[in-house]
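Engineer: give me a 3D structure for the following:
(one chain, ligands or ions: 2)
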Amino acid sequence: MKRLNSQLQQDGAQLELILLIRTLLAACKEISFRVSQGALAGVLGSTLSENVQGETQKKLDVISNQIIKDTLCESGYVKAMSSEEEEHVVPCDPDGKYLVSFDPLDGSSNTEINSLIGTIFSIFHAPQWMEPGDPSAFVQPGTQMVAAAYVLYGPSTMLAMTTGRGTHLYTLDKTHGGFLLTQANIQLPQQTAEYAINASNQRHWDTPMQRYVSELVAGKEGPRKKDYNMRWVAAMVGDIHRVLCRGGIFMYPADKRNPEQTGKLRLLYEANPMAFLIEQAGGKASTGERRIMEVVPTDIHQRVPVIMGSSEEVDYCLSCYEETKA
Ligand code: F6P
Ligand code: MN
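Structural biologist: Ligands and ions are numbered 1, 2, ... in the order given. Predicted coordinates:
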């Protein structure tokens, strides 16, 4: 089986980018080990603090964030990073060529039930003018990403990665510690009969989403004339992995309870990297109003509504948004 290195080389990635990715993945392998130790290592449960997003931090959120931060800062490849768990940009090496944004442990409430969790990251070029602590370099649209990936800590540890030449799936071979290519160039089916949304929030969704989901729920008897199935892992990384593997549509729409906070998911740490992976696999990713990767962030912790997955299904959902505008 092909190793990660050869696939990255074949995709034309520069040497320094390959070395940065390998460094990041070394951190993820350590997280994978810590996560698998679970209660044996006393790493489960919450800390007494909240992150900048107002969420209670799990011990594993803090541990994973520290592992990635330490590894990246020592590497010399990174000028600065931003993390879901850090209030401010973390300055690193003034000569570093790259910026990294990451969600160290997505879906961390799943640690309590030994269910799917993962690390999500994206890599951008660091502008030369940039001072390492300057947040303004992070407000680049997702179209500028040079790489995006997630590592899924499940029954096997898997990596989905793109450098803009397709999305490839790798599996960690724990016998020698390397990621091996297990599916090259995955392609999402354009159509699907599976959707993912937290339906308990239905009464707070905007009108187009209410209409769209009511049509899915109506099944064969409704306007879509087919039955749909629903899945919700409650970790974006798990839901998007399923969508990449067999198609589907994943949604986290805006919520009327908090009009200033447009949606739950973070643009830099969740929406952008997943959008890049989905688009490179032939799918679509939108906020309902525009392509996620074209959103120009105004803040590193900005949130956006998310609609992504199989292209025809996303298009149909977006047509509901169009009709409401008209
Ligand atoms: O990081 C946010 C997150 O945990 C995502 O991974 C996941 O998709 C979502 O929140 C789950 O939200 P909810 O708590 O509404 O199910
Ligand atoms: Mn997350």
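
Engineer: get me the contact residues on the stretch 101-250 of the chain for ligand 2.
Structural biologist: Within the stretch 101-250 of the chain, the positions near ligand 2 by Cβ under 5 Å from the ion are 103, 106. Heads up, the C-betas are built off the backbone N, CA and C, glycines and all.

Engineer: what is the burial count for the closest residue to ligand 2 within the stretch 101-250 of the chain?
Structural biologist: The stretch 101-250 of the chain approaches ligand 2 most closely through residue 106 (3.6 Å), counting by Cβ to the ion. Number of residues near residue 106 (other Cβ atoms under 10 Å) recorded here: 29.

Engineer: for residue 210, see how far away it is.
Structural biologist: 27 Å (Cβ to Cβ, to the nearest Å).

Engineer: re earlier: ok, the residue of the stretch 101-250 of the chain closest to ligand 2 touching residue 234?
Structural biologist: No - using Cβ atoms under 8 Å, residue 106 and residue 234 do not qualify as a contacting pair, with a distance of 10.3 Å.

Engineer: so is stretch 193-205 next to ligand 1?
Structural biologist: Yes - Stretch 193-205 lies within reach of ligand 1 by Cβ under 6 Å from any ligand atom, at residue 198.

Engineer: gap between that stretch and the chain center?
Structural biologist: How far stretch 193-205 lies from its chain's middle: 19 Å, per Cα atoms, centre = their mean, to the nearest Å.

Engineer: bridging residues for the residue of the stretch 101-250 of the chain closest to ligand 2?
Structural biologist: For residue 106, the beta-bridge partners under DSSP bridges are residue 118.

Engineer: tell me the contacts of residue 315?
Structural biologist: Applying Cβ atoms under 8 Å, 6 or more residues apart in numbering to residue 315 gives the contacts residue 284.

Engineer: please, which helix or strand holds it?
Structural biologist: Here residue 315, judged by DSSP states H and E, is contained in helix 311-325.

Engineer: check residue 307 too.
Structural biologist: Going by DSSP H and E, residue 307 is part of strand 306-309.

Engineer: mind giving me the packing neighbours of that strand?
Structural biologist: Under the contact definition 3 or more Cβ pairs under 8 Å, 6 or more residues apart in numbering; DSSP states H and E, strand 306-309 sits against helix 236-246, strand 249-252, helix 272-280, strand 284-286, helix 311-325.
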